[in-house]
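In: Got a predicted structure here, sequence first:
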Amino acid sequence: MVFLWSILVLVLLVVGLAVLLTVAESVLVNYGICVIDVNAGEKSLEVEGGQSLLSGLIESKIFIPSACGGQGTCGFCKIKVLGGGGPILPTETPYISRGERRDGVRLACQVKIREDINVKIPEDLLNVKLFNATVKSTTPMTSNIKEIRFSLIEPAEIFSRPGQYVQIQAPSPDGPVFRAYSISSAVYETDEVELVVRLIPGGIGSTYLHNLEVGDPVEFTGPYGEFIFDEDPETELICVGGGAGMAPMKNIIKSMYREQPDRTCWLFFGCRAKEDVFYLEMYEELAKQHPNFHVIYGLSEPQPEDDWEGETGFIHLSLDKLIEADGGKRQAFLCGPPPMIDAVTRVLQAKGLADEDIFYDEF
């Protein structure tokens with residue numbers, strides 16, 4: 001018992017000391033106004049010292065992606081810090097490779113602004129905006145997936161590339177947080193943004209979105225994303241999704257066929273049972289208009305009452321069966337749970353696709 005009390009006292013002392021140091025720094029240390037130099041003089045931002053680099057950039061309307069609210073647990077907010085950021089912290093090392101470390105890559109949420117800082121930020125991120133919108137419609141797709149569409153107010157238009165995403169601002173007990181969701185509407189629908197959102201029990205972002213009603217105000221930043229869509233009409237596309245991973249697939253397919261009606265594209269979509277199937281009729285109608293569009297839905301656990309005549313088993317098995325090896329120039333986009341991504345990636349590699357031609361989002 002004495003041993004346990006000793007441990008408890010030690011823990012309380014350590015926690016108390018950490019809190020005391022934090023408070024002392026905030027009260028006693030005044031870093032004043034610091035300058036963030038962006039891209040060697042492209043932008044010069046004056047911010048209050050003592051805050052995180054992520055907060056300072058957001059304050060200056062530069063929206064770096066972050067899905068964890070700046071807690072250092074998602075690894076999304078990577079930028080290059082070329083001077084003034086201090087030594088890399090243990091909280092950053094799990095998310096930064098050796099090569100990235102040599103290049104000065106840091107997690108913006110973990111870098112404290114204590115002096116002038118020089119950073120390098122990709123041009124795409126400098127073009128990210130904060131959007132105000134209202135809910136136009138909310139439509140149940142399955143028992144736990146909704147299609148939610150927003151009408152943009154300010155700015156009134158969004159210009160994105162196929163496969164990009166936005167970050168929705170959602171309320172939480174600790175203040176507003178951002179959560180990432182792929183855009184499901186086509187890129188030519190510039191005055192609206194549509195999402196396909198699966199409700200995650202206890203999920204801050206999905207719970208907020210599933211409870212929105214028509215007319216409710218919404219704020220989000222975007223567009224983000226590193227999917228590089230090959231515009232060459234001779235490049236065959238392979239899209240593979242599962243669950244809410246439908247969102248970027250719909251975006252890519254609808255956007256592409258508006259401009260390239262004869263392009264070859266395969267859509268593989270995995271569901272558990274027939275009750276989880278959605279958008280199938282829409283894609284079948286699209287396939288009638290575009291003969292080179294192939295739609296394959298597969299059920300991993302079909303029920304007797306489903307009366308399902310399509311593919312069964314995990315979706316990577318259907319992909320393996322139907323896609324030929326070494327089929328020429330191809331590009332693949334994947335979105336779904338990590339086990340699906342891993343299995344599909346192995347099949348695609350065996351079919352001759354290079355790693356640089358396989359793009360994926362895990363959730």
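Out: Okay, I see it.
In: give me the number of residues near residue 187?
Out: As a burial measure, residue 187 scores 22 neighbours (other Cβ atoms under 10 Å). The way it works is simple: take the backbone N, C-alpha and C, and place the C-beta from them, glycine included.
In: check contacts around it.
Out: 159-162, 251, 255 (Cβ atoms under 8 Å, 6 or more residues apart in numbering).
In: How about residue 161?
Out: Counting by Cβ under 8 Å, 6+ apart, residue 161 makes contact with 187, 223, 225, 227, 229.
In: and what of residue 274?
Out: Applying Cβ under 8 Å, 6+ apart to residue 274 gives the contacts 299, 302-303, 306-308.
In: same thing but 10 Å
Out: For residue 274, the set of contacting residues under the criterion of Cβ atoms under 10 Å, 6 or more residues apart in numbering consists of 280, 297, 299, 302-303, 305-308, 310.
In: Next: residue 346.
Out: Listed by Cβ under 10 Å, 6+ apart, the contact set of residue 346 reads 316, 320.
In: thinking again about what came up before, pipe the contacts of residue 187 into JSON lines and attach distance to residue 271 per row.
Out: What follows is those, written out as JSON lines (distance: Cβ to Cβ, whole Å):
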{"residue": "159", "distance to residue 271": "32"}
{"residue": "160", "distance to residue 271": "27"}
{"residue": "161", "distance to residue 271": "27"}
{"residue": "162", "distance to residue 271": "23"}
{"residue": "251", "distance to residue 271": "19"}
{"residue": "255", "distance to residue 271": "23"}
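In: Would you mind measuring from residue 67 to residue 178?
Out: In this view, residue 67 and residue 178 are 7 Å apart by Cβ to Cβ, to the nearest Å.
In: ignore the last one, residue 220
Out: Noted for residue 220: a distance of 8 Å to residue 178, by Cβ to Cβ.
In: now do residue 188
Out: For residue 188, the distance to residue 178 equals 26 Å [Cβ to Cβ].
In: got the contact list for the nearest residue to residue 322 once chain neighbours are set aside?
Out: Once its chain neighbours are removed from consideration, residue 322 has its nearest residue in residue 296; the separation is 6.5 Å (Cβ to Cβ, 6 or more residues apart in numbering). The neighbours of residue 296, taking Cβ under 10 Å, 6+ apart as the test, are 240, 266-270, 283, 310-311, 315, 318-319, 321-323.
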